[in-house]
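[1] fold the stuff below for me.
(chains A and B)
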Amino acid sequence: GENVEQHPSTLSVQEGDSAVIKCTYSDSASNYFPWYKQELGKRPQLIIDIRSNVGEKKDQRIAVTLNKTAKHFSLHITETQPEDSAVYFCASQAYSGAGSYQLTFGKGTKLSVIP
Amino acid sequence: EADIYQTPRYLVIGTGKKITLECSQTMGHDKMYWYQQDPGMELHLIHYSYGVNSTEKGDLSSESTVSRIRTEHFPLTLESARPSHTSQYLCASSVTGRSPLHFGNGTRLTVT
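    All right, here's what the predicted structure looks like:
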């Protein structure tokens, strides 16, 4: 089955700096890569996603890049703000047969933005 | 407002009790999921459903059971709660198997 590795597990940055979180996946058939943000005590929420026919996607201060050859994708947050502090989860989705798609999550990165 | 709702938000029960965690969504999604998560930690898929009368076990072995009699309702039942079941349980739904997940606010379960 799919294996998703996420690094780093914790990340501290100064406010205004950039943050980068990296994930690698093992199943070359994976074709959908969402990122979720989970603030303390709240539910995970989708912040950005990318499909395998696209190499990069940007939404204001957040961008995701995908390298299918190397089987890795990354989340980039620029001009970080204290409200970006949260746990971020990457995920990878592949077709698992019989009309079923399997979503595999990374273990999460705890981002702390220091004012 | 279309959303996914979980009740109760917090639950403290004694060992051996039977409990049902409720999950309902008003978005008309076919796909529904249950995840177990210790706060801020890894998400573990324990059950999922692709439609009415369809349920499957996830990656994490669980002593819980689920049912899907109505599209909007996906309850999770623990027949005999144990302290090892103490965790947060998140319900989620999606339009298709290839769509983003929408999560509920979770039920934080403590078994004493």
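
[2] please count neighbours and contacts with C-alpha atoms only from this point.
    Noted.

[3] contacts only, for the residue of chain B at minimum distance from chain A.
    Per CA to the nearest CA, residue B:42 is where chain B lies closest to chain A, at 4.7 Å. Residue B:42 sits next to A:105-108 when contact means CA atoms under 8 Å, 6 or more residues apart in numbering or on different chains.

[4] switch to 7 Å and redo it
    Residues near residue B:42 by CA atoms under 7 Å, 6 or more residues apart in numbering or on different chains: A:107-108.

[5] next one: residue A:10
    A:109-111.

[6] can we see that at 10 Å?
    Listed by CA atoms under 10 Å, 6 or more residues apart in numbering or on different chains, the contact set of residue A:10 reads A:21, A:87-88, A:108-112.

[7] again with residue A:26
    A:1-5, A:70-72, A:92 are the contacts of residue A:26 under CA under 10 Å, 6+ apart.

[8] and residue A:38, by the same measure?
    By CA under 10 Å, 6+ apart, the neighbours of residue A:38 are A:44-47, A:84-89, A:108, A:110, B:39-40.

[9] pull out the buried residues from the residues you listed.
    A:44-46, A:84-89, A:108, A:110, B:40 (16 or more other CA atoms under 10 Å in any protein chain shown).

[10] looking at those residues, which gets the smallest pLDDT?
    Lowest pLDDT within the buried ones among the contacts of residue A:38 is found at residue B:40 (86).
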